[in-house]
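Q: Output the structure for:
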Amino acid sequence: MTIVTKITDSSHSEIIRLYYMLKLTGLLTFSFNQERYLSVSCILYILWSLCLLSMMLIGIVSTFTRREFFKTSNTTEIINYKLLLPIHFIVTFVIILLQNTIKRSKSISLISDLIKIDGIIPSRPNISSGYKITKLIKLIIMTILVFIHLIILMFESWYWRKKTNICYEILVRLCKLFSMALLMIYISVVNIVEIKLSAITKDFILYNLRPWNEIVTTYGKNSTMAHFEMFKFKRIQKSREEYFLIYTLTQKINSVFSCSILLLIVMYYLTFINSIYTVYELQTSGEDFGNNYFDKKRILLVTFWVVHSVSSLFSLSYYTHVASEKAKDLVDHVQKQLLKQKSSAELEQLNQFATQLHYKRIEFTAVGFPLNLVFFCNMIMSACTYLLVIIQFK
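A: Have a look, this model is predicted:
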């Protein structure tokens, strides 16, 4: 089976990176064929997905059969061994299984749509030196963060090696690495939507500020007012069509990632609560951390996961919020044009565009929950409330 969409060398680099990250995490099992079309069947990636599923299944069984799962007295241990560790493995297993069964055809269609839209709506990036430097800085920061995460994960496996099996600890870190990769994949998809919305908005502003340049290019020097009206009519219609493509893409993103992102949010939410409570327990246990080197290390590790979970939830909320705000910027510019226009034909098109923007809003959701900064603030406040309740009833 082959999808009719062709990948060209001019495709957005973000889409190519996204495609390979999805394959690396076992969430997609198709590859390029010799003609560089997207091919559905690829035994190598199917086996890789099955390997990841098998490792997660081993982790689930190991978690529920460990001695710590049955013999826990401390609140921190109960949350960690009976709730957090099982959730890590179950969430990773369910996400990989969902993406390779129920969501498989939708994932393939999503990649195909991303490539189609990349050809229809050029990103028009700024090629100035400032833009290139900013892009390079972002890449360096991302590389450093990934490198730090890998060091922390390896150190954490070494730290717990005496208490548990080293293979089990590696499986736990693999779950955490998968969660980070999934978050990066989702943010990349949202970032593509934000880039395309920016391109639509820039084009809409540009053609309303300098329409005659394009009219002369299209119709020649003998352009008339009728040509002017026809050109602007077609430009608004084109913007409407491009926006509809982005809206459809957003709906497909919500459909493909909705359940996975909700599970990821739950996992980060519980990690944040457990890590904060663990720091509180260690600090109030009455031990001398100055003479206890391993406890100092543990506090450092737990503090890292507090920062990691909060920053992950914030990044998820921030990028989805920014993408939604880009759509609102387009609404503002359409409203401004509505106040300026006198032509009845163009006014009708702008009214229809404004109605479309009102009813077809760009929103990212996780099984109905809107992902934005308000959602992030609500999560942090509820987590703090739960922590206060747990501490009071200790």
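Q: Quick check: the gap between the residue lying closest to Ser49 once chain neighbours are set aside and Leu97.
A: Spatial nearest neighbour of Ser49, chain neighbours left out: Gly26 (3.9 Å); criterion: Cβ to Cβ, 6 or more residues apart in numbering. Just so you know, the C-beta spots here come from the backbone N, C-alpha and C atoms, and that holds for glycine as well. Computed as Cβ to Cβ, to the nearest Å, the Gly26 to Leu97 distance reads 10 Å.
Q: Likewise for Tyr168?
A: 21 Å.
Q: just the strands in this structure please.
A: Counting by DSSP state E, the chain has strands at residues 2-6, 31-32, 37-39, 365-366, 369-370.
Q: Point out where the stretch 101-250 of the chain drops to low pLDDT.
A: Applying pLDDT under 70 to the stretch 101-250 of the chain flags residues 123-135, 138, 162, 207-231.
Q: show me where it has helices.
A: 104-120, 129-159, 166-209, 211-219, 225-283 (DSSP state H, counting those that start in this stretch).
Q: As CSV, the ones you listed with distance to Ile16 and mean neighbour count would be great.
A: Listed next are those as CSV, based on distance: least, Cβ to Cβ, whole Å; neighbours: other Cβ atoms under 10 Å:
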stretch, distance to Ile16, mean neighbour count
helix 104-120, 9, 17
helix 129-159, 15, 12
helix 166-209, 11, 19
helix 211-219, 31, 13
helix 225-283, 17, 19
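Q: which one of the ones you listed lies closest to Thr355?
A: Nearest to Thr355 among those is helix 225-283; the distance by Cβ to Cβ comes to 10.2 Å.
Q: Measure how far that closest one is from the centre of its chain, please.
A: 8 Å (Cα atoms, centre = their mean, to the nearest Å).
Q: what's the angle from that helix to helix 104-120?
A: Interaxial angle, helix 225-283 versus helix 104-120 (axes from the mean of the first three to the mean of the last three Cα atoms, to 10 degrees): 130 degrees.
Q: And for stretch 245-256, what's in contact with it?
A: Contacting residues not belonging to stretch 245-256 are listed as 99, 103, 106-107, 109-110, 113-114, 117, 120-121, 189-190, 193, 196-197, 200, 360, 362-365 [Cβ atoms under 8 Å, 6 or more residues apart in numbering].
Q: now swap in stretch 52-71 and tell me
A: 25-26, 77, 81-82, 85-86, 88-90, 92-93, 96-97, 164-165, 168, 171-172, 174-175, 178.
Q: Point to the residue nearest the middle of the protein.
A: Among the residues of the chain, the one closest to the centroid is Tyr186, at 2.0 Å (Cα atoms, centre = their mean).
Q: What are the neighbouring residues in contact with it?
A: Contacts of Tyr186 by Cβ under 8 Å, 6+ apart are Phe257, Ser260, Ile261, Leu316.
Q: In contact with the second one: list those residues for me.
A: The reference is to Ser260. Contacts of Ser260 (Cβ under 8 Å, 6+ apart): Ile95, Leu98, Gln99, Leu182, Tyr186.
Q: want to throw the residues you listed into a markdown table with distance to Phe272?
A: Output for the contacts of Ser260, formatted as a markdown table (distance: Cβ to Cβ, whole Å):
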| residue | distance to Phe272 |
| --- | --- |
| Ile95 | 19 |
| Leu98 | 24 |
| Gln99 | 25 |
| Leu182 | 17 |
| Tyr186 | 18 |
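Q: Widest-spaced pair of those?
A: Longest distance between any two of the contacts of Ser260 is 14.0 Å, between Leu98 and Tyr186; criterion Cβ to Cβ.
Q: Same question for stretch 325-340: list its buried residues.
A: For stretch 325-340, a neighbour-count test (16 or more other Cβ atoms under 10 Å) marks Lys326, Ala327, Leu330, Val331, His333, Val334, Gln337 as buried.
Q: Name the nearest of those relative to Thr303.
A: With Cβ to Cβ as the yardstick, the closest approach to Thr303 among the buried residues of stretch 325-340 comes from Lys326, at 34.6 Å.
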